[in-house]
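Below are the sequence and a predicted model; questions follow.
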Amino acid sequence: MTADAAHDQVEKEAADWFARLNKLSITTKALEDFHAWRREPAHDAAYERIEALWETAGRLKTHPDTARDVAAALARGRRKRRFARLWSRPMQIGAGLAAVATAAALTFAFAIERPAPYSTGLGEQRLVSLEDGSRLRLDTSTQVRVKFTPGGREVELVRGQAFFDVAHDAARPFVVVAGDQSIRALGTRFDVRRDEGDVRVTLVQGAVEVSRQSDGQTWRLTPGQGLALRGQAVEPPRTVDVTAATSWTSGRLVFRSTPLGVAVAEVNRYSAEKIALDAAQLQAVPVSGVFDVGDTRAFVSAVSDLFNLRAVETSDGYRLEPRG
């Protein structure tokens, strides 16, 4: 295969993966395959180019006829030999057009397929493109409700976890409601997790203001900070490990000195195979490592070796207990 042909193939694979990841739902197995594919530097670079052109393509979403024309022009161009030379140009015009057409088609599809509310099942993740250009990535077992008005944008996080990449619009505040808490943002990137009465906010970029409706308390976060609200108790804003807190968005679970009991609970969120830790003395022992979401067996194997535990298969997963 020539260098040009190899480049074309990688670009096509990147566009195919982009399309798959933007479907209504994606299984854990598909995510594992994607992250294995993306470990190659050339693949990673190609996928980043596709994502970078998403915003450009977003401008076509209110013009479905234009989006279809672009896609049709691309299809015609591929049938003509002379367009093959575009792939070797420094600006990679052909690759850019392919990405724009793919993203535009996806955006148009979202406009007609998008249900309300948005949700994911166990082990699923989903990327949602909103009409204002904002994007939501939903984690496993998550549900949100979106309500846009001329004067505002509101997303209710009913349960689960979501990463918000908010398009700037000063005239229409973007607010995430999670129980008694509201998170107000303008042009920012942040993560919100809701587990029953507990809410955790992690800010990656920009600024957010978290307010509690019941008593009017307000906290303002800066990039790299997190805030945990557990019922009426509050852990004040503090510096957090943003990479670990948002690692799920890349299909990984990153544990850094995480209590073993907490790590087990986190792994259990992504799979029907559940782990029961039958070793009370190890619940608070710190563990570090990186695991693919949904790969329960790899986690069980690593923890068993590290802490000299025996993994006993049960009707719904594994029970970890001390050997002997």
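Great, that's in hand.

what about T222, neighbour count?
11 (other Cβ atoms under 10 Å). All C-beta spots, glycine's among them, are computed from the backbone N, C-alpha and C.

hang on, isn't it packed against G206?
No - between T222 and G206 there is no contact under Cβ atoms under 8 Å: 9.3 Å.

where does the stretch 51-200 of the chain have low pLDDT?
In the predicted model, the stretch 51-200 of the chain carries pLDDT under 70 at residues 52-116.

Tell me which residues are up against stretch 35-45.
Stretch 35-45 is contacted from outside by 10, 13-14, 17, 47, 250-252, 292, using Cβ atoms under 8 Å, 6 or more residues apart in numbering.

Among these, which lie within strands?
Counting by DSSP state E, the contacts of stretch 35-45 place 252, 292 in strands.

most surrounded residue in the contacts of stretch 35-45?
Neighbour tally across the contacts of stretch 35-45 (other Cβ under 10 Å): the maximum, 26 neighbours, falls on A14.

Chain neighbours aside, what residue packs nearest to it?
A46 (3.8 Å; Cβ to Cβ, 6 or more residues apart in numbering).

Could you report the neighbour count for that neighbour?
When neighbours are defined as other Cβ under 10 Å, A46 has 24 of them.

Hmm, E13 and it touching each other?
Yes - between A46 and E13 there is a contact at 7.4 Å, judged by Cβ under 8 Å.

residue ranges for the helices of the stretch 1-150 of the chain, please.
With DSSP state H, counting those that start in this stretch as the criterion, the stretch 1-150 of the chain has helices at 3-21, 28-38, 41-52, 54-58, 64-78, 93-113.

buried sites along the second one?
Buried residues in helix 28-38, defined by neighbour count with 16 or more other Cβ atoms under 10 Å: 28, 30-31, 34, 37-38.

just these now: which is nearest G160?
T28 (15.0 Å; Cβ to Cβ).

Spatially nearest residue to A207 (excluding sequence neighbours)?
Leaving aside its sequence neighbours, A207 sits nearest to T188 (Cβ to Cβ, 6+ apart; 6.2 Å).

The strand ranked longest in the chain: partners in the sheet, and parallel or antiparallel?
If you go by DSSP E, the chain has its longest strand at strand 152-165. Strand 152-165 pairs in its sheet with strand 135-138 (antiparallel), strand 143-149 (antiparallel), strand 174-178 (parallel), strand 189-195 (antiparallel), by DSSP bridges.

Next, format those strands as JSON lines and append distance to S211.
JSON lines is the format used below for the strands paired with strand 152-165 (distance: least, Cβ to Cβ, whole Å):
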{"stretch": "strand 135-138", "distance to S211": "20"}
{"stretch": "strand 143-149", "distance to S211": "18"}
{"stretch": "strand 174-178", "distance to S211": "9"}
{"stretch": "strand 189-195", "distance to S211": "13"}
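
Which among these is found nearest to H168?
strand 174-178 (9.0 Å).

after that closest one, next one along is what?
strand 181-185 (DSSP states H and E).

how far off strand 174-178 does that next one point, in degrees?
Strand 181-185 runs at 160 degrees relative to strand 174-178, counting by axes from the mean of the first three to the mean of the last three Cα atoms, to 10 degrees.

can I assume L21 is in contact with F34?
Yes - L21 lies in contact with F34 (Cβ under 8 Å); the separation is 6.8 Å.

Spit out the contact partners of the residue nearest the centre of the chain.
A centroid search over the chain (Cα atoms, centre = their mean) returns T249, at 3.3 Å, as the residue closest to the centre. Residues in contact with T249, defined by Cβ under 8 Å, 6+ apart, are 137, 163, 191.

Repeat the analysis, applying 7 Å as the threshold.
The contact partners of T249, by Cβ atoms under 7 Å, 6 or more residues apart in numbering, come to 137, 163.

And G261, by the same measure?
G261 is in contact with 277, 283-284, counting by Cβ under 7 Å, 6+ apart.

Same check on F255?
263, 287-289.
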